[in-house]
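Engineer: dropping a prediction and its sequence here:
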Amino acid sequence: MNDANQLKALLQDASRAGVYHLPLAGPEQILAAAQDCDYAVFRVDLSAATDKAGLLAALARDMALPEWFGHNWDALADCLADLSWRPAEGYLVLLEHSDLLRTRAEEDFVAALQLFAAAAGEWREQGVAFWCLVDMQADGISWLPGL
């Protein structure tokens, strides 16, 4: 099995899906493998997000969240738990350029990651892979495992 096939097999394993630190090698192979799995892939650019409002706005924009998204934690949890607005075989969310947000609004950043982890758990119970990969150059958060 080559690296691409191993990565595709990993992404298809819903039991391992969750929130992970993005490998330093970069996302291109991971994104290609997710697309090969017919997953919905969302690249969320957080480079300008410095607070909760900026984070939620970036998620709404880059994930094309439904119009009913209320720009609050409950609405985000609802959107992540019910992806009928974006049906797919599985899901991969890449939170790019997360360092500034983590530095300026760490509590909100952690709250968002907890929502993504909860969503991954709910989807896991249904046998659907839901991955959230976090792009951070800094050491990150100690509880955030590497992929």
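Structural biologist: That came through, no problem. Residues are numbered from 1 along each chain as shown.

Engineer: please count neighbours and contacts with C-alpha atoms only from this point.
Structural biologist: Fine.

Engineer: list the buried ones in the lengthiest helix in the chain?
Structural biologist: If you go by DSSP state H, the chain has its longest helix at helix 106-125. Using 16 or more other C-alpha atoms under 10 Å as the test for burial, helix 106-125 gives 106, 108-109, 112-113, 115-124.

Engineer: between those, which is nearest Gln6?
Structural biologist: Arg124 (19.7 Å; C-alpha to C-alpha).

Engineer: give me the pLDDT for the nearest residue to that closest one once chain neighbours are set aside.
Structural biologist: Leaving aside its chain neighbours, Arg124 sits nearest to Ala14 (5.5 Å; criterion: C-alpha to C-alpha, 6 or more residues apart in numbering). Listed pLDDT for Ala14 reads 97.

Engineer: one more: Ala112?
Structural biologist: Reported pLDDT for Ala112: 98.

Engineer: same thing with Asn5?
Structural biologist: The pLDDT attached to Asn5 in the predicted structure is 88.

Engineer: cool, Leu144 as well?
Structural biologist: pLDDT recorded at Leu144 is 62.

Engineer: quick one: secondary structure of the residue nearest the centre of the chain?
Structural biologist: Geometric centre of the chain, nearest residue: Cys132, 2.6 Å, by C-alpha atoms, centre = their mean. What DSSP: H, G, I helix; E, B strand; the rest coil gives for Cys132 is strand.

Engineer: which residues in the protein form helices?
Structural biologist: Along the chain, counting by DSSP H, helices occupy 3-12, 28-36, 52-62, 73-81, 99-104, 106-125.

Engineer: surely Gln29 and Ala4 touch.
Structural biologist: Yes: Gln29 is in contact with Ala4 according to C-alpha atoms under 8 Å; the separation is 7.3 Å.
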